[in-house]
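Engineer: sequence unknown, structure follows:
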């Protein structure tokens, strides 16, 4: 797995251990960042970061700041190592703020309340089918505290194609665009509909 664009293009990334890990494919990442366009100076938060592939890709493409949220300690260790490798590859004049936050995604409004409404883009690749009590696409969209905290950020949600999402009026999130890649779908949405991604 490698960074596919930007300042740190071709930097190798390690994947966290375990069979439950599902890194975002190069094809899907290319699609996401093709839609997002120029990220220079845009604030990005990567939820369920895992290896950090999405957040680090954003960092390589000029996003600043980038916050990567991951709850699993083993995954956080891999993520920090990947971040260090990427930072070593960035040019001296480009050292954006990069933060790794170890916490449950639904605790973000309490963990970093000072960043409410501060992000332009939210990248989310939750477990498609979480264990009982876990957080997947459905739980993420239905969490009213997180929706209020997100403000007008564009949410890019990766989820299983066959699973329906609780979009508006069932939740605060309205779909702007969807792209299907076999068993995976990308849904772009906002709490308030605007001009689009």
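Structural biologist: That came through, no problem. Owing to the predicted nature of the structure, the values given are computational and were not obtained by experimental measurement.
Engineer: can you show me the strands along the protein?
Structural biologist: Under the criterion DSSP state E, the chain contains strands at 44-47, 66-69, 98-101, 121-124, 154-160, 174-181, 184-190.
Engineer: in CSV: those strands, plus distance to residue 82.
Structural biologist: For the C-beta atoms, the positions are set from N, CA and C on the backbone; glycine is no exception. As requested, those are exported to CSV (distance: least, C-beta to C-beta, whole Å):
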stretch, distance to residue 82
strand 44-47, 12
strand 66-69, 9
strand 98-101, 10
strand 121-124, 15
strand 154-160, 19
strand 174-181, 23
strand 184-190, 22
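Engineer: so what's the residue in the chain sticking out farthest from the centre scoring on pLDDT?
Structural biologist: Here the centre of the chain is the reference, and by C-alpha atoms, centre = their mean the most remote residue is residue 92, at 25.5 Å. pLDDT, the model's per-residue confidence, is 85 for residue 92.
Engineer: what does residue 24 give?
Structural biologist: pLDDT, read off for residue 24, is 73.
Engineer: which residues touch the nearest residue to residue 171 once chain neighbours are set aside?
Structural biologist: Computed as C-beta to C-beta, 6 or more residues apart in numbering, the closest residue to residue 171 that is not its neighbour in sequence is residue 141, at 4.5 Å. Residues near residue 141 by C-beta atoms under 8 Å, 6 or more residues apart in numbering: 147, 157, 165, 166, 167, 171, 173.
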